[in-house]
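Q: Below is the sequence, then the predicted model.
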There are 2 protein chains.
Amino acid sequence: MKFYPEIEIDIEKAAEFLELPPSRLEDLIEKRSLKRNWDEYYNIYRFEGHAPHLEDGTVLIDHHGSFELVRGFPKIKRAMLLEPSIKNSFSKINSVVVEEKMNGYNVRVIEYNGKLIAFTRSGHVCPYSTEWIQNLLEMDFFKENPELILYGEMVGPDNPYVQKYVYDIASLEFFVFDIRYKNTGEALPVYKKKEIAEEYGFRQVRLFGEFNINEAAEKVKGIIKELGKKGREGVVIKDPEMVLQPVKYTASESNCADLRQAFKFYNEAGRDYLFSRVIREGFQSYEWNESEEEFQQRCLRLGESILLPMKKTIAQVETGERISDDFQIRVRDRNVVYKFKSYLERLGLYVVFETPEKIGDEYVVSIKKMNKSTNDKTLAMLEGQLWS
Amino acid sequence: MKFYPEIEIDIEKAAEFLELPPSRLEDLIEKRSLKRNWDEYYNIYRFEGHAPHLEDGTVLIDHHGSFELVRGFPKIKRAMLLEPSIKNSFSKINSVVVEEKMNGYNVRVIEYNGKLIAFTRSGHVCPYSTEWIQNLLEMDFFKENPELILYGEMVGPDNPYVQKYVYDIASLEFFVFDIRYKNTGEALPVYKKKEIAEEYGFRQVRLFGEFNINEAAEKVKGIIKELGKKGREGVVIKDPEMVLQPVKYTASESNCADLRQAFKFYNEAGRDYLFSRVIREGFQSYEWNESEEEFQQRCLRLGESILLPMKKTIAQVETGERISDDFQIRVRDRNVVYKFKSYLERLGLYVVFETPEKIGDEYVVSIKKMNKSTNDKTLAMLEGQLWS
C-alpha cells in the first residue's frame, strides 16, 4: 500500500466505511480527489470533483479511525419553464411546497470537538462563517441530534462572498433551509424540518405555502414577480416529503443583478455564467406571455445590466483608479481576520484587507478582491491595444 | 522516411521550399496539420491549425515536385476603442485609408490548371464559389499575374454561408479587398490594388477615403453610424502602403444582427462568439459618449437582439416545427449542387437540400442546415426537463 504524505488516513478502514474497494480510494487520493484540511481541522477531508455516489464538497471526518460523512449539498436543478417543469418533476405527487431561495452563501453546520463548524459548498471549513455561527446558533440542536446537518444560507451585508442589502439584515444572519442526515444526505420532510428549526429558535427561509401541482406554476409566477420587485432572488420548489428532488427558479431582476455584477468584471466572468443568465430571460419572457411593453422593459433591463457596469468599469479605469470587488466583514475575535485572510489566499484569491476598525466590541474590515484581468484588459484597450 | 498514405508529397523538396527541416514537416503531417484535398484537387494541401510562420488556411500546391503557396488571409485585429487604437496601431504613419468591411464570406482566388479556383478561409476549395467565380471574374488578371492572389468577399442572398439582403445585390457578387503575393502574403499598396482591380474590371469594396490619423476616429465614427443605419457591417482601416497591419471596427447594428442570428440557435452558439459581440457594445457606448436616450436605445437593441430570436425559436419548436438555418444557392451546372452537398457533409454539417428548381438557365436550391442541439434543448425544456 502506498504512502500519501498529506493523507494520514487508514485506507482499509476508510474504504470499508465508504463501501469502496481500497484500490478505488487510493485512486481518489492519488488523483487528489480527496483533500485534507490545513490548520486545526487536519482530521477533516473533502472530496473534490467527482467522488463515487457523493455530492461535490462532501466532507469525510476521521475520528481516529472511525469515520463520518457530511454530505455535500446536492445541486438543485433549475426550471426554465415553470409549468412543464413542475408537472414533470413532481408528477408523482399532488402538491409542492414553495420556499424562498435567498441570495447569500450556502453553509453546512455540524458540531465538531465541542464547537460548531461551518463548511462552505466546496467542503472547506470557513473561518469567518465558523466564528459567526458560534453566536448565531445554539449548541443544543447539535448535541441532541449528532447525526444531523443544518443547511442554511448566510445572508446580509457583512458577507465576504455575496453582499446583499435587500433583506433588511443589519450584519449577517443564518437561515435554515434543509436538515439532512450526515452519512446518507437524506433530508427531513419540509414540515418536520420547520418544526425542529422553530423548536430550537433558528431563523428559517420563508415558506410561501403548499400548492396543488396544477396551480403551482401560476402561484410561483406571482411570488417571483413580488420577489423580483424587492430585488430578491427566487424560490425552491420542494416535494413536502423531500423524496423528489427540489427545483429552483429565479426572478428576472436577480438574473440581471448577477449580470450587473459580472459585467463590472467583464473579463473575469465565466462565459457560461453569463450565458445561462441571459437564457433564463428568454424562457421566462416566453412563458409569461408578456405584453409588448413588459417585453421592452425586460430587453432594456437586460441590456442595461450588461452595458452599464461595463461603461462604469471603463470610465473608472480611465481615471486611473482600479476596479475591485469590495466586501466587508465583522468579527468579534480579531484573530479571525488573519485566519480568514490566509484562508482566502490559500484559495488563490488576491485580496487586500484594510486595517480593522473597532466598532463597539467588534472589528469591521474592508476587503478588496482585485480583478486583475479586467483591470489589465481595460487599460490595454484604453491604451489602444487591439482585442485579438 | 515514413510513408504517409494520404500525403504523396516529396517531403525533402517540400521541406526545402517551405524552409523547414524535413523532420519538422513530417511532424506537421503526422499531427495532421497538413491535409490533402479530396476530389480533383488532390495536389492541393492546406495547413490546419498552427503551421510555422504561415497563416491558418494557407494552401500548398504541389506542381509535381515544384511548389507554390497560397497564403491564408491574415486575421485582422479589432479596435474596441477607435481613437486610441488608431493612434497606437498607426503611430508611424500620417494617414489611413478606410474601406468597407462587407458581410459575406472571404475567398481567395487563383488560377489552377487553366481554371479559376476559390479557397475558403480555411483553405478548402469550395465547389460553389469556384463555379461562381468562373463567371464573375475574367481570366486575364490571373494569366498576367500568376504570382498574385485576389482576396475578396462573396456577398449577396444566394449565399450558402452568410446571406445578407442589405447590399442591393440580386444574387451573388465578388468584391476585391486585397491583392497579395502567393508565396509571401505581402499585400499591394491600397491604391495600386485599386488601380489593378479597376483595370481588370473587378468590383471592389468601397473606399471611403484617406484620413489624417488625428481625425480618423471621428470620421470612422460617422461612417460607422451611416453603415449601421443601412444594416451594413463596418470598416477596415488600412495603412495605404499595407505595411502596418489593418484594423477592423463594426457597427452596433451589425453586432446585434450577429446576436439575433446566434440566439435563434442559442444552444449552438459559441459562448465566446456571443460574449465578444456584447463586449463591443460596451466599449462603443463608452467611447461615443452617448446621450441617455441613445444609450437606452442601445440597451434596448441589445436586449431585443438576444431575447426576440430566442422567444421565436421556443414558440416555433412548441408548434411542432423545427428550426433551421435556411440558405439558397443558385448554379448553372446542376452537378455543382451534388458536389457542394457532399462538400458540406464532409465538413461535418447536417444539411437538407430541396429539389433544384429550374429558373431560366439556372438552378435554385433551398438548403436547410439543421440545428439539432437547439431543437433538442428547446423541446426538452418544453417537456419540463430541467436545465442542469
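A: Alright, I've got the coordinates.
Q: Sketch out the low-pLDDT regions of chain A for me.
A: Applying pLDDT under 70 to the predicted model, the residue ranges of chain A that meet it are A:1-5, A:50.
Q: Any idea how many residues pack against the closest residue to chain B within the stretch 1-150 of chain A?
A: Minimum separation of the stretch 1-150 of chain A from chain B (C-beta to the nearest C-beta) falls at residue A:88, amounting to 2.8 Å. For the C-beta atoms, the positions are set from N, CA and C on the backbone; glycine is no exception. Other residues near residue A:88 come to 16 when the count uses other C-beta atoms under 10 Å in any protein chain shown.
Q: quick check, it in a helix?
A: Yes: assessed with DSSP: H, G, I helix; E, B strand; the rest coil, residue A:88 lies in a helix.
Q: contacting residues for it?
A: B:383-385 (C-beta atoms under 8 Å, 6 or more residues apart in numbering or on different chains).
Q: at 6 Å instead, please
A: Listed by C-beta atoms under 6 Å, 6 or more residues apart in numbering or on different chains, the contact partners of residue A:88 are residue B:384.
Q: do residue A:377 as well
A: With contact taken as C-beta under 6 Å, 6+ apart, residue A:377 is in contact with residue A:267.
Q: With residue B:82 as the reference, measure out to it.
A: 17 Å (C-beta to C-beta, to the nearest Å).
Q: cool, and residue A:241?
A: Noted for residue A:241: a distance of 61 Å to residue B:82, by C-beta to C-beta.
Q: Spell out which residues sit in contact with residue A:299, please.
A: Residue A:299 makes contact with B:300, B:303-304, B:307, according to C-beta under 6 Å, 6+ apart.
Q: what kind of secondary structure is residue A:151 in?
A: Of the three states, residue A:151 takes strand under three-state DSSP.
Q: Tally up the residues packed near the closest residue to it other than its chain neighbours, please.
A: When the adjacent residues along the chain are set aside, residue A:151 lies closest to residue A:178, with 3.9 Å between them (C-beta to C-beta, 6 or more residues apart in numbering or on different chains). Burial measure for residue A:178: 24 neighbouring residues, criterion other C-beta under 10 Å.
Q: Can you verify residue A:178 is assigned to a helix?
A: No: the secondary structure assignment for residue A:178 gives strand rather than a helix, going by three-state DSSP.
Q: hmm, back to that, in terms of neighbours, single out the busier of residue A:241 and residue B:82.
A: Legend: neighbour count by other C-beta under 10 Å for residue A:241 and residue B:82, higher for residue B:82 (24 against 14).
Q: so the more buried one sits right up against residue B:216, yeah?
A: No: with contacts counted by C-beta atoms under 6 Å, residue B:82 stays clear of residue B:216, the gap being 7.9 Å.
Q: So what sits opposite residue A:151 in the bridge?
A: Listed beta-bridge partners, residue A:151: residue A:108, residue A:178 (assigned using DSSP bridges).
Q: What of residue A:125?
A: Partner residues in beta bridges with residue A:125, using DSSP bridges, are residue A:119.
Q: Look up how far residue B:118 lies from it.
A: Computed as C-beta to C-beta, the residue A:125 to residue B:118 distance reads 63 Å.
Q: ok, these two, which is more surrounded?
A: Ranked by neighbour count (other C-beta under 10 Å), residue A:125 and residue B:118 place residue B:118 first, with 26 against 20.
Q: OK, contacts around the more buried one?
A: Under the contact definition (C-beta under 6 Å, 6+ apart), the residues listed for residue B:118 are B:107, B:109, B:126, B:129-130, B:133.
Q: ok, so of those, who is nearest chain A?
A: After measuring the contacts of residue B:118 against chain A - C-beta to the nearest C-beta - the closest member comes out as residue B:107, at 23.0 Å.
Q: My guess is the closest one contacts residue B:129. True?
A: Yes: Residue B:107 is in contact with residue B:129 according to C-beta under 6 Å; the separation is 5.2 Å.
Q: higher neighbour count, those two?
A: Neighbours per residue, other C-beta under 10 Å: of residue B:107 and residue B:129, the larger number sits with residue B:129, 26 against 23.
Q: Need the nearest residue in space to that one, chain neighbours excluded.
A: Using C-beta to C-beta, 6+ apart and skipping residues adjacent in sequence, the residue nearest residue B:129 is residue B:118, 3.7 Å away.
Q: residue contacts, residue A:80?
A: Applying C-beta under 6 Å, 6+ apart, one finds that residue A:80 lies in contact with A:283, B:381, B:387.
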